[in-house]
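Trainee: quick one: sequence plus predicted model below, questions after.
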Amino acid sequence: MAEHNRIGNEGEDAAVEYLVRQGYRILHRNWRYRHYELDVVAYDSEEKKLVVVEVKTRSTIDFGNPEDAVTEGKIRRIVSATDAYINEFEVDDDVRFDVVSVVRTDDGWKLNHIKDAFSPPLWE
């Protein structure tokens, strides 16, 4: 496995462990729809919302923060996959889109959980 893939997998594991500690129930990891993927689909029982979490991991912030990689195109793909997820699993809850930014440190991982990081774009 390539180093960047290993770091990405480890960062996603750290993000999931964090979410579980925060009380989220993990429904799916790496759920695929066609060539799109939802990193983590969780349920926030406190807010009673389905939470789609995009995890971005970096080994350093030398080239910017991980969350900066969540571009408009990436958001559109996440929203399309979420729409398919909602239809497939007949979800009737509100949906929130979060980003968990993960950076490797000497001590492990530094996480930044950005709740309600973006809203679905209006389709033209």
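Mentor: Noted; the coordinates are in hand. Numbers count the residues shown, from 1 in each chain.

Trainee: need the residue closest to the centroid of this protein.
Mentor: For the chain, the residue sitting closest to the mean C-alpha position, by CA atoms, centre = their mean, is E54 at 1.8 Å.

Trainee: residue contacts, the closest residue to that one other than its chain neighbours?
Mentor: Using CB to CB, 6 or more residues apart in numbering and skipping residues adjacent in sequence, the residue nearest E54 is V99, 5.0 Å away. All C-beta spots, glycine's among them, are computed from the backbone N, C-alpha and C. V99 makes contacts with 53-56, 67, 70, 113-114, 117-118, as judged by CB atoms under 8 Å, 6 or more residues apart in numbering.

Trainee: now those: which count as buried?
Mentor: 53-56, 67, 70, 114, 117-118 (16 or more other CB atoms under 10 Å).

Trainee: dihedrals phi and psi, the nearest residue to M1 once chain neighbours are set aside?
Mentor: Distances taken as CB to CB, 6+ apart place N9 nearest to M1, at 7.9 Å, with adjacent residues excluded. Per-residue torsions, N9: phi -60, psi -40 (degrees, to the nearest 10).

Trainee: ditto for R29
Mentor: Main-chain torsions, R29, degrees, to the nearest 10: phi -120, psi 140.

Trainee: isn't it right up against E12?
Mentor: Yes - in this structure, R29 is within contact of E12 by CB atoms under 8 Å, at 7.4 Å.

Trainee: neighbour count for those two, which is higher?
Mentor: E12 (20 against 17; other CB atoms under 10 Å).

Trainee: buried set for the biggest strand by length in the chain?
Mentor: Counting by DSSP state E, the longest strand found in the chain is strand 94-105. The neighbour-count check on strand 94-105 (16+ other CB under 10 Å) flags 95-104 as buried.

Trainee: put together JSON lines for those residues, with pLDDT and distance to Y36 on each row.
Mentor: Below are the buried residues of strand 94-105 laid out as JSON lines (pLDDT from 0 to 100; distance: CB to CB, whole Å):
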{"residue": "V95", "pLDDT": "97", "distance to Y36": "15"}
{"residue": "R96", "pLDDT": "98", "distance to Y36": "18"}
{"residue": "F97", "pLDDT": "98", "distance to Y36": "14"}
{"residue": "D98", "pLDDT": "98", "distance to Y36": "17"}
{"residue": "V99", "pLDDT": "98", "distance to Y36": "16"}
{"residue": "V100", "pLDDT": "98", "distance to Y36": "18"}
{"residue": "S101", "pLDDT": "97", "distance to Y36": "20"}
{"residue": "V102", "pLDDT": "96", "distance to Y36": "21"}
{"residue": "V103", "pLDDT": "95", "distance to Y36": "25"}
{"residue": "R104", "pLDDT": "92", "distance to Y36": "26"}
